[in-house]
Every structure is written in structure tokens, then in C-alpha cells.
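Student: What follows is a predicted structure for the sequence shown.
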Amino acid sequence: MASGKRRDNYRMPIPLKTGDVLRGRYRIRRIIGQGGMGCIYLADDMRLEGRQTALKEVEHDRSLPTEMVKEAREQFLREATVLARLDHPNLPKVSDFFSVGSLDYLVMDYIPGKDLRMLMMEARQNGEFLDENLVLSWANQLADALTYLHSQTPPILHRDIKPSNLKQTPTGLIKLVDFGLVKVLAPGEITITILQGQGTALYTPLEQYGGDSGHTDIRSDIFAFGSTLYHLLTNTPPADARERFLHPESLIPMQQINPEISPRTEKAILWAMNLHPDDRPPTIKAFQESLLGDRVASITHPITKPRHPSDYLSTNPERTLLWLSVGFTVFSLLAALLR
């Protein structure tokens, strides 16, 4: 498989083949993603039988001065260490990171299931829109994950939120995947992202077009979050930030595309999509409350909510008898002790 070329004639690394083994532990199955500076592979963990991982490959641009490449690799190791400490149900667990020659690798849980872009495309092919309550349940989970990232010390930005980076597991849980553009906001420090890039134009705010010299903060993730919800609810990609800056009318009102969207939902999403960061919600929590209000607690995907024992009593007669039997036994024991 020939390697691709970037505009600066920098050659991407030659992709690994099925059966290749890294670090004596990870056996490559296939490529499951490909970006500007490397691939993402599905691999078997040979040390833990049955465990599958996603290996994100990063090669730093060797056309840069040696000191910059060295700094980029050091930054990768620092940020990979930070990611390995994260533990949240809506984020894949980073379990390992290492280098092989000029390549760096980040090892994460492999997340099965379809990404939200695929689910949106299926709805579009059927001439339908995704259900608003379903999308809001996804938004609620994503908000929890981003609040967790932004509350780290220092805060962590994802910087590449989009439908294809959100996967729904078979149990209905949403996972924010691909830490390719993660940026750790160390105060007063110029940082280099784990994987240089600008994100996907449709969901990228104006301030992020400057790369690491841009003044990105948590409101940059909020813009991408809002743009992602716009796309999911309308089956229509939003006009990108540069186009909107030049032609403000290019962003089509959501209800004009999908009349079923509630005014509250559209208003909250457009607030998040403001071009200037100061005009957006100041935090993910503020956006979450604007989007969901009192529904924040109730709209969580039902599979992720613990069920009360009474839920079983009304739907399973055998369990009803079991619960009554257990209750009667406990009551009898308490009565005997109190005599």
C-alpha cells in the first residue's frame, strides 16, 4: 500500500500490515482510520486474551527543525501520560503509549458500534431525521464527558468533536473517541498538540484555524459541540466558520430544514455556534442547562440508568413472587429478633 503525500511532499509512514506485532504485544488486524500523520489500527492484545485495542499512530513532521520534532515528541509523552490517567464512562481508556523508531503510538480501548455520522446517514437515506430526544440524550452524555475533561488540572480540550468521533456502543452508551487533537491548557506554556491539525472544518471555530498559535479554550469545544448537534438534527452540514464570517446568511435556520426541532433546542445550539467565543456559553454546564434545562437528569439514555427493583415487579411475575418471598423472610427474621 503506497504512502500518501502531503502538500509539502512529506511522506506519511508506510501502514502496518495485518499480523504485524508491535512491542511484542499488539497484533495488527486492520486499519480502522487514517489521518494526515498516521493510521488508527484495530489490534489484539496478546497479553490479555480477547481484548481488542485501537492503536493511534503519530509521526511528527521530520521536515521541521530537530529541536521542534524533539519538543513535539516530548509533548506527546506528557499529554499521553495525562490521557492515561483519565477515567470516565464516556471516554475510551488510554492504557499504554510507546515509540517505535520515529513513530509514537497511543493505545486505547477499541469501541465497537456505529458512529453517530453513520446513524445520521442511515436516517437520511430513509428520508427521516434522527429523533430529537435521542440526540439530546447523546448530547447529555457528551456534555458529561467534556465537563470531565475541562475540569482537569490543567483543563483538557478535545478540539475535534464531530459525529464520526462519537460512537454508540451496543448498550447505548456514547463514547467520545480519537484524542488526535487533544490540547492540555498549561497556563503560560506554549503547547504542541499530540497530532498537529486543525480539526474538521465544518465543526471548527475561527480561533482554531490558527493552530497552536490560536487562542483556543473550552469555548472552542463548545462551538464544535453545537455544530455537531446542528448536523445530527438536520442531516445537513453547517456552513463552516470562515464561510459564515464572510456570508452570515449561509447558516440555514435549523427549523427551516427540520420543522420538528424545538425552538429551545435551536436557540441553545445557535448560542454555542456563535463565531466569537465571548458570545458562546462560558462552560459546557451552561450549554447543557440551556439545551436541556430540567431534562438534564431525566433524558439520560435509559440503558445507562440503574433500574429500581419495582421496575422488575411489574414486568416479571416470577421475580414479583421472589421479591415478596425475600421480603416476607426478612420481615419474619426482624420480628423474631425483636421478641
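Tutor: Done, it's in.

Student: Return the set of buried residues in stretch 107-127.
Tutor: For stretch 107-127, the neighbour count (16 or more other Cβ atoms under 10 Å) marks 107-111, 115-117, 119-120, 123 as buried. From N, CA and C alone the C-beta is placed, and that goes for glycine too.

Student: now stretch 151-170: mean pLDDT?
Tutor: When pLDDT is averaged along stretch 151-170, the result is 91.

Student: go on, stretch 39-56?
Tutor: 94.

Student: That stretch: end-to-end distance?
Tutor: 6 Å (Cα to Cα, to the nearest Å).

Student: could I get stretch 278-296 in PDB with only the CA atoms?
Tutor: Output in PDB follows, covering the C-alpha atoms of stretch 278-296 (Å, rounded to 0.1, in the frame of the first residue of the first chain):
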ATOM      1  CA  ASP A 278     -17.400  35.600  24.100                       C
ATOM      2  CA  ASP A 279     -20.800  35.200  22.600                       C
ATOM      3  CA  ARG A 280     -20.900  31.400  23.300                       C
ATOM      4  CA  PRO A 281     -21.900  29.700  26.600                       C
ATOM      5  CA  PRO A 282     -19.000  30.100  29.000                       C
ATOM      6  CA  THR A 283     -19.000  26.400  30.100                       C
ATOM      7  CA  ILE A 284     -20.300  23.100  29.000                       C
ATOM      8  CA  LYS A 285     -22.600  23.100  32.000                       C
ATOM      9  CA  ALA A 286     -24.100  26.400  30.900                       C
ATOM     10  CA  PHE A 287     -24.700  25.000  27.400                       C
ATOM     11  CA  GLN A 288     -26.100  21.700  28.900                       C
ATOM     12  CA  GLU A 289     -28.600  23.600  31.000                       C
ATOM     13  CA  SER A 290     -29.600  25.800  28.100                       C
ATOM     14  CA  LEU A 291     -30.100  22.800  25.900                       C
ATOM     15  CA  LEU A 292     -31.900  20.500  28.400                       C
ATOM     16  CA  GLY A 293     -32.900  22.600  31.400                       C
ATOM     17  CA  ASP A 294     -34.800  20.400  33.900                       C
ATOM     18  CA  ARG A 295     -34.400  17.500  31.500                       C
ATOM     19  CA  VAL A 296     -30.700  17.100  32.200                       C
END
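
Student: Could I get the buried residue list for it?
Tutor: If you call a residue buried by 16+ other Cβ under 10 Å, then stretch 278-296 has these buried ones: 280-281, 283-285, 287-292, 296.

Student: Out of those residues, which comes closest to residue 161?
Tutor: Distance to residue 161 across those (Cβ to Cβ) is lowest for residue 284, with 10.9 Å.

Student: what separates residue 235 from residue 76, distance-wise?
Tutor: Distance, residue 235 to residue 76, using Cβ to Cβ, to the nearest Å: 37 Å.

Student: okay, and for this protein, where does confidence drop off?
Tutor: Filtered on pLDDT under 70, the chain yields the residue ranges 1-13, 35-37, 179-200, 210-214, 295-339.

Student: so after the longest strand that it contains, what's the next helix or strand?
Tutor: Identified as the longest strand of the chain according to DSSP state E is strand 26-35. Per DSSP states H and E, the first helix or strand lying C-terminal to strand 26-35 is strand 38-45.

Student: So what pairs up with residue 40 in the strands?
Tutor: As for beta bridges, residue 40 partners with residue 33, residue 56 under DSSP bridges.

Student: count of neighbours near it?
Tutor: Neighbours of residue 40 under the rule other Cβ atoms under 10 Å: 20.

Student: How about residue 133?
Tutor: Residue 133, neighbours per other Cβ under 10 Å, totals 11.

Student: And the strands in the stretch 1-150 of the chain?
Tutor: Per DSSP state E, counting those that start in this stretch, the stretch 1-150 of the chain carries strands over the ranges 21-22, 26-35, 38-45, 52-59, 94-100, 103-109, 114-115.

Student: Ok, which of the ones you listed comes nearest residue 242?
Tutor: strand 26-35 (21.3 Å).

Student: What lies in contact with that closest one?
Tutor: Strand 26-35 is contacted by residues 15-22, 39-46, 52-55, 107, 178, 180, 195, 197 when judged by Cβ atoms under 8 Å, 6 or more residues apart in numbering.

Student: same thing but 6 Å
Tutor: Applying Cβ atoms under 6 Å, 6 or more residues apart in numbering, the set of residues contacting strand 26-35 from outside is 16, 18, 20-21, 39-44, 46.

Student: do stretch 139-148 as well
Tutor: Outside stretch 139-148, the residues that touch it by Cβ under 6 Å, 6+ apart are 88, 90-91, 174, 176, 221, 229, 284, 288, 299-300.

Student: Next, count neighbours for the nearest residue to residue 156 once chain neighbours are set aside.
Tutor: Distances taken as Cβ to Cβ, 6 or more residues apart in numbering place residue 149 nearest to residue 156, at 4.4 Å, with adjacent residues excluded. Residue 149 is flanked by 23 other residues according to other Cβ under 10 Å.
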